[in-house]
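1. Predicted coordinates and the sequence they were generated for:
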Amino acid sequence: SVFSEAVRVVPPTDAESDPSNMTLDVLLDEAKKTSLELDHDQLRKDDTLATAMHEAVHKGNQPALKRLVDYTNAQLQSARGLNVAHKYKGKLGLWAETQSGHLPIHVVFRRNAPVYHSRAQFVPWLLQLMDEQLGHICAAASTSCISAEAVHPQGEPLQLPESTLQALSMSMPAG
């Protein structure tokens, strides 16, 4: 998708003046106008880079990932957020699965992923971002998402549903 391509060129630093960042921002602004669901409308068959979110995680690109998460969270807060959350059963943003059931976080553990060697620093940040987004999804769906608890390395509780814990334990095919 054009979003995956934009994410692919966004630098891993958060230089607001970089043309790549500005391009992604313009694309996301246009997507807002049409209420485009990036996680499903733009889904590709590839398990590694199925969505722009998967692409950003693959690169370990925190600024691009944060922009995409903010876009999804804004969609969830809109009047149609309830319908979107129910339609996809909460599988949005960082919780959007590929056709084989892989979440963006699974990409971190592919040895050929650029983020693989920095996963010890990236995964705790990503889990916290996933937890925050889960709160937005649950609020949009007007439901409780607490059925299991994991603990962040800094002692903060992460509230993850059992299905997510199972998904996080899935092994990715060697790549």
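-> Sure thing, it's come through.
2. the bottom helix or strand of this structure by mean pLDDT?
-> strand 149-151 (a mean of 40; mean pLDDT, DSSP states H and E).
3. where exactly do the strands run in this structure?
-> Taking DSSP state E, the strands of the chain run over residues 149-151, 157-159.
4. What is the longest helix along the chain packed up against?
-> Ranked by residue count under DSSP state H, the longest helix found in the chain is helix 119-141. Packing contacts for helix 119-141, counted by 3 or more C-beta pairs under 8 Å, 6 or more residues apart in numbering; DSSP states H and E, involve helix 62-77, helix 81-87, helix 104-107, strand 157-159. From N, CA and C alone the C-beta is placed, and that goes for glycine too.
5. redo that, cut-off 10 Å
-> Under the contact criterion of 3 or more C-beta pairs under 10 Å, 6 or more residues apart in numbering; DSSP states H and E, helix 119-141 touches helix 52-59, helix 62-77, helix 81-87, helix 104-107, strand 157-159, helix 162-168.
6. What residues of that helix count as buried?
-> Neighbour counts over helix 119-141 (16 or more other C-beta atoms under 10 Å) mark 122-123, 126-127, 129-131, 133-134, 136-141 as buried.
7. ok, now stretch 67-83?
-> Buried residues in stretch 67-83 (16+ other C-beta under 10 Å): 67-69, 71-73, 75-76, 81.
8. pull the CA atoms of it into PDB?
-> C-alpha atoms of stretch 67-83 as PDB (Å, rounded to 0.1, in the frame of the first residue of the first chain):
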ATOM      1  CA  ARG A  67       1.800   8.100  13.900                       C
ATOM      2  CA  LEU A  68       0.000   5.000  12.700                       C
ATOM      3  CA  VAL A  69      -1.200   4.200  16.200                       C
ATOM      4  CA  ASP A  70      -2.400   7.800  16.700                       C
ATOM      5  CA  TYR A  71      -4.400   7.500  13.500                       C
ATOM      6  CA  THR A  72      -6.100   4.300  14.600                       C
ATOM      7  CA  ASN A  73      -6.700   5.700  18.100                       C
ATOM      8  CA  ALA A  74      -8.300   8.800  16.500                       C
ATOM      9  CA  GLN A  75     -10.500   6.600  14.300                       C
ATOM     10  CA  LEU A  76     -11.600   4.700  17.400                       C
ATOM     11  CA  GLN A  77     -12.500   7.900  19.200                       C
ATOM     12  CA  SER A  78     -14.700   9.100  16.400                       C
ATOM     13  CA  ALA A  79     -18.400   8.500  16.300                       C
ATOM     14  CA  ARG A  80     -17.900   5.400  14.100                       C
ATOM     15  CA  GLY A  81     -15.300   3.900  16.500                       C
ATOM     16  CA  LEU A  82     -17.800   1.600  18.200                       C
ATOM     17  CA  ASN A  83     -18.900   0.100  14.900                       C
END
